[in-house]
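Trainee: No sequence on hand, only this structure:
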């Protein structure tokens, strides 16, 4: 290829018909012209390409925000993300309760009325009755109560009783979160 281009240059330089055009002829000249044209076309299209890329990035960011950001693998990063979400929720919740945003009274209602009503419906009086406590502790002790302390029975009683609270607590938090989200969407 190099020798072919060298012969081409020599031909245009030595030919009496083309000597005056030797700088404007040949594959090297065409390559330079095409390079300049390609460069100008690319420079003209760069803003369009950049805006397409930025628009695609914005669309992907919006979709990622809608779907949720990926959870980090690093435990420290996960903790940081959880704390950031808690801070954001706490800030919005505080604004609702302090009157900075409408609807704080509805959130108060969740904790003042719904949660106590749900807690009153729990069957704790039956579960913590003397008969049930005696039964759970005796089952935990086994056949030789002097060898095993009744601590296991007490732990089982406490664990089950705490699990009773989990349903109303989750429902109250979910209701408050839904109210906060609805109030954020509703401009009135």
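Mentor: That came through fine. All of these numbers come straight from a predicted model, not from anything done at the bench.
Trainee: so where's this protein uncertain?
Mentor: For the chain, the stretches flagged by pLDDT under 70 are 18-24, 69-72, 96, 99-104, 140-150, 183-188.
Trainee: go again using 50 as the cut-off
Mentor: Where the chain drops to pLDDT under 50, the residues are 188.
Trainee: Tell me how it divides into domains.
Mentor: The chain breaks down by automatic domain parsing into domains covering 1-70, 72-188.
Trainee: next one: phi and psi at residue 30?
Mentor: Here is the backbone geometry of residue 30 (degrees, to the nearest 10): phi -60, psi -40.
Trainee: Pick the most deeply packed of the domains of the chain.
Mentor: Burial of the domains of the chain is given as mean neighbour count (mean count of other Cβ atoms under 10 Å); domain 72-188 ranks first at a mean of 13. For the C-beta atoms, the positions are set from N, CA and C on the backbone; glycine is no exception.
Trainee: can you give me how far that domain is from the chain middle?
Mentor: Mean C-alpha position of domain 72-188 versus that of the full chain (Cα atoms, centre = their mean, to the nearest Å) differs by 24 Å.
Trainee: All the helices of this structure, in order from the start?
Mentor: 2-14, 27-67, 75-98, 104-109, 115-120, 124-127, 130-141, 151-185 (DSSP state H).
Trainee: So which other helices or strands are in contact with the first one?
Mentor: Going back to what we said before, that points to helix 2-14. Judged by 3 or more Cβ pairs under 8 Å, 6 or more residues apart in numbering; DSSP states H and E, the packing partners of helix 2-14 are helix 27-67.
Trainee: and the helix it packs on with helix 2-14, angle?
Mentor: Counting by axes from the mean of the first three to the mean of the last three Cα atoms, to 10 degrees, helix 27-67 lies at 130 degrees to helix 2-14.
Trainee: For helix 27-67, name the packing helices and strands.
Mentor: Applying 3+ Cβ pairs under 8 Å, 6+ apart, we find helix 27-67 packed against helix 2-14.
Trainee: and residue 95, how far is that from residue 6?
Mentor: Distance of residue 95 to residue 6, computed by Cβ to Cβ, to the nearest Å: 79 Å.
Trainee: Report the separation between the closest residue to residue 136 other than its chain neighbours and residue 123.
Mentor: Excluding its sequence neighbours, the residue lying closest to residue 136 (Cβ to Cβ, 6 or more residues apart in numbering) is residue 153, at 5.0 Å. Residue 153 sits 19 Å away from residue 123, going by Cβ to Cβ.
Trainee: what do you get for residue 172?
Mentor: In terms of Cβ to Cβ, residue 172 sits 19 Å off from residue 123.
Trainee: same check, this time on residue 26
Mentor: Taking Cβ to Cβ as the measure, residue 26 falls 97 Å from residue 123.
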